[in-house]
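J.: let me see the structure of the following:
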Amino acid sequence: MYKLLYKDRLKCIAMKCEESGVENKMSTIMTIKKRDIDTPEKRGKYTLSVIGCGRMGLPTACLFAEAGFRVIGVDLNQRIVNLVKRGKAPFIEPGLDTLIKRHVKDGSLTATNNLKEAASASDVITFIVPTPVDQKKKPDYSHVEKACKEVGMGLRSGCLVIFESTLGPGITEALVKETLENTSGLKAGRDFGLAYSPIRATSGRVLHDIATYARVVGAVNEQSLRCASLILGTIVKGGIVKVRDIKTAEAVKLFENVYRDINIALANELANLCEKARIDFIEVQKAANTQPHCHLLFPGIVSGHIPTDPYLLLEEAENINAKLRMVMLARKINDEVLGHALHLTKDAIRSCGKTMRRAKVAVLGVSYRPNVKESRGSLVKDLVKILGKKVASVHVHDPFFSYRELMELDYPAQRTLARAIEGVDCLLIAVGHDRFKRLNLGRIKFLVRKPAAIVDFGHVIDPVKAEKAGFVYRGLGRGVWTR
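T.: Residues are numbered from 1 along each chain as shown. Here you go, the predicted model:
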């Protein structure tokens, strides 16, 4: 049983703030020097709130607690709050469970759903809230605005606000700054510090990425930039990259993601060529990338934040009458990959002498990228829905998810890989998990309904080996199939 109950911890934080004379008064965080926070003991004088305890927010909160700060994790999801209060991680992320348990137990990490209360007790407030797009591909900043209004009601003079969510260029100052100022009655750059520093991390390695990747920081003024850099520098060992203003920092994150989206679109276009020209894209890629200045990516279904983030940039580009033709084209190309997956599946099934209408298909993998247990942002759900309307039945299996978890995600799941592929006409590998590279085709061929097909979007099955095992093979960019 933990030493302190949750409410006692919040009271303890409040008492410490009151003892130091900062409760409802001006915070001194904006005047700190490096020597003031160069040890965990010194950092323990300051309270930091993380607004949004999702896949990026909770690991960030834990890293700040590990660095010595008193940390309040804030989330509107009561389930997340309750789990953190019990010292448990609400999702799987390597190393996270250990950190949460340690710092909830020692009292340095608390959790609440009260944004105003957390803000009023904090010297530093960092936001990591969702910034999705709606069905019309327009940015939805409602989570941002709501969080800023709540925080603004508790914001104290002298505090530092660091925004870390992905935003369109200009949104921090147009929405975040304005909302905080209007709600609190304070002025950014005068009464409180304001900085923007986008997170660079990937699910499955968040703690490692936050700690080791360089962190870009922009701010409303020099004092905010200096203070934010010092605070972030306590958890970031990869270095701080200071840029001239917030808008520049916002552009950095979006340009990074657009760069990747465009390069995947190029790979998808070249993969399409390879299929028609009887060339194996993967072989070309390996050979071409031996040239130091060539970095061909894998073609495939684009998932995660990559399909949505370009629209944050496109929205702001439209507002200033700037045309981003390549960005729009890349999105169009990558959005068409799901249709191409359906085309390859249909072609493979027909080559087996069967029809789509009567075919049974097993889809392997639902994660948004290989080797992680994370389905948010995965377009496999869309692929399964499309297939479900075209074929007799669809079975789904992913070794990173339990049968129950897949069912809760509304997938037509099977309990085991064997049951998922038993009697199917087509095996569609949607995600390239390493475990799928070890599939025993010799055993699988006795479970499927022969002749059967393999459609490989994960680049894990060798075309020659698949055909030798008796399968009809189709793979994205793998134009060397013979059947």
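J.: please count neighbours and contacts with C-alpha atoms only from this point.
T.: Will do.
J.: what is the mean pLDDT for stretch 69-81?
T.: For stretch 69-81, mean pLDDT rounds to 97.
J.: so which bits of that stretch are buried?
T.: Using 16 or more other C-alpha atoms under 10 Å as the test for burial, stretch 69-81 gives 69, 70, 71, 72, 73, 74, 75, 80, 81.
J.: could you identify the most distant pair in those residues?
T.: Maximum pairwise distance among the buried residues of stretch 69-81 (C-alpha to C-alpha): 20.8 Å, between 69 and 80.
J.: residue 420 and residue 473, how far apart?
T.: Note on residue 420: its distance to residue 473, by C-alpha to C-alpha, to the nearest Å, is 19 Å.
J.: turn the buried residues of stretch 69-81 into CSV, including distance to residue 337 and secondary structure.
T.: Output for the buried residues of stretch 69-81, formatted as CSV (distance: C-alpha to C-alpha, whole Å; DSSP: H, G, I helix; E, B strand; the rest coil):
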residue, distance to residue 337, secondary structure
69, 46, coil
70, 46, strand
71, 43, strand
72, 42, strand
73, 39, strand
74, 38, strand
75, 35, coil
80, 35, helix
81, 38, helix
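J.: now, which of those residues sits nearest residue 263?
T.: Ranked by distance to residue 263 (C-alpha to C-alpha), those are led by residue 75 at 35.2 Å.
J.: tell me the contacts of that closest one?
T.: Contact analysis of residue 75 by C-alpha atoms under 8 Å, 6 or more residues apart in numbering lists 51, 52, 53, 81, 111, 112, 113, 114, 115.
J.: isn't the fourth one up against residue 114?
T.: No: using C-alpha atoms under 8 Å, residue 81 is not in contact with residue 114; the gap is 10.4 Å.
J.: what's the overlap in contacts for those two?
T.: 74, 75.
J.: next one: the strand or helix carrying residue 63 to chain centre, how far?
T.: Per DSSP states H and E, residue 63 falls inside helix 57-67. Distance, stretch centre to chain centre, for helix 57-67: 17 Å (C-alpha atoms, centre = their mean, to the nearest Å).
J.: same check, this time on stretch 69-86
T.: 19 Å.
J.: one more: stretch 168-182?
T.: Worked out by C-alpha atoms, centre = their mean, stretch 168-182 lies 23 Å from the chain centre.
J.: check which residues of it are buried.
T.: 168, 169, 170, 171, 172, 173, 176, 177, 178, 179, 180, 181.
J.: just the contacts of residue 75: which are in helices?
T.: Counting by DSSP state H, these place 81, 115 in helices.
J.: quick one: which of the contacts of residue 75 is nearest to residue 395?
T.: Taking C-alpha to C-alpha as the measure, residue 395 lies nearest residue 53 of these, at 33.0 Å.
J.: so what's that closest one closest to, chain neighbours aside?
T.: Closest residue in space to residue 53, ignoring its immediate chain neighbours: residue 75 at 5.6 Å, by C-alpha to C-alpha, 6 or more residues apart in numbering.
J.: show me where the stretch 351-483 of the chain has its helices.
T.: Under the criterion DSSP state H, counting those that start in this stretch, the stretch 351-483 of the chain carries helices at the ranges 380-388, 403-408, 417-421, 441-444, 463-468.
J.: residue 29 is nearest to which of those?
T.: Comparing the helices of the stretch 351-483 of the chain by C-alpha to C-alpha, helix 403-408 comes nearest, at 43.6 Å.
J.: name the residues that touch the closest one?
T.: 397, 412, 413, 414, 415, 416.
J.: re earlier: pull the CA atoms of the helix holding residue 63 into PDB?
T.: Provided in PDB are the C-alpha atoms of helix 57-67 (Å, rounded to 0.1, in the frame of the first residue of the first chain):
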ATOM      1  CA  GLY A  57       1.800  12.900 -21.900                       C
ATOM      2  CA  LEU A  58       2.100  10.200 -19.200                       C
ATOM      3  CA  PRO A  59       5.700   9.200 -20.200                       C
ATOM      4  CA  THR A  60       6.600  12.900 -20.100                       C
ATOM      5  CA  ALA A  61       5.100  13.200 -16.700                       C
ATOM      6  CA  CYS A  62       7.100  10.200 -15.500                       C
ATOM      7  CA  LEU A  63      10.300  11.500 -16.900                       C
ATOM      8  CA  PHE A  64       9.800  14.800 -15.000                       C
ATOM      9  CA  ALA A  65       9.100  12.900 -11.800                       C
ATOM     10  CA  GLU A  66      12.200  10.800 -12.400                       C
ATOM     11  CA  ALA A  67      14.200  14.100 -12.800                       C
END
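J.: residues making contact with it?
T.: 40, 43, 48-53, 70-73, 96, 99-100, 103, 108-109, 127-129, 206-207, 210, 234-235.
J.: in that helix, what counts as buried?
T.: Residues of helix 57-67 classed as buried: 57, 58, 59, 60, 61, 62, 63, 64, 65, 66, 67 (neighbour count, 16+ other C-alpha under 10 Å).
J.: pLDDT wise, what is the third one at?
T.: At residue 59, the pLDDT value in this model is 98.
J.: sweet, I'm off.
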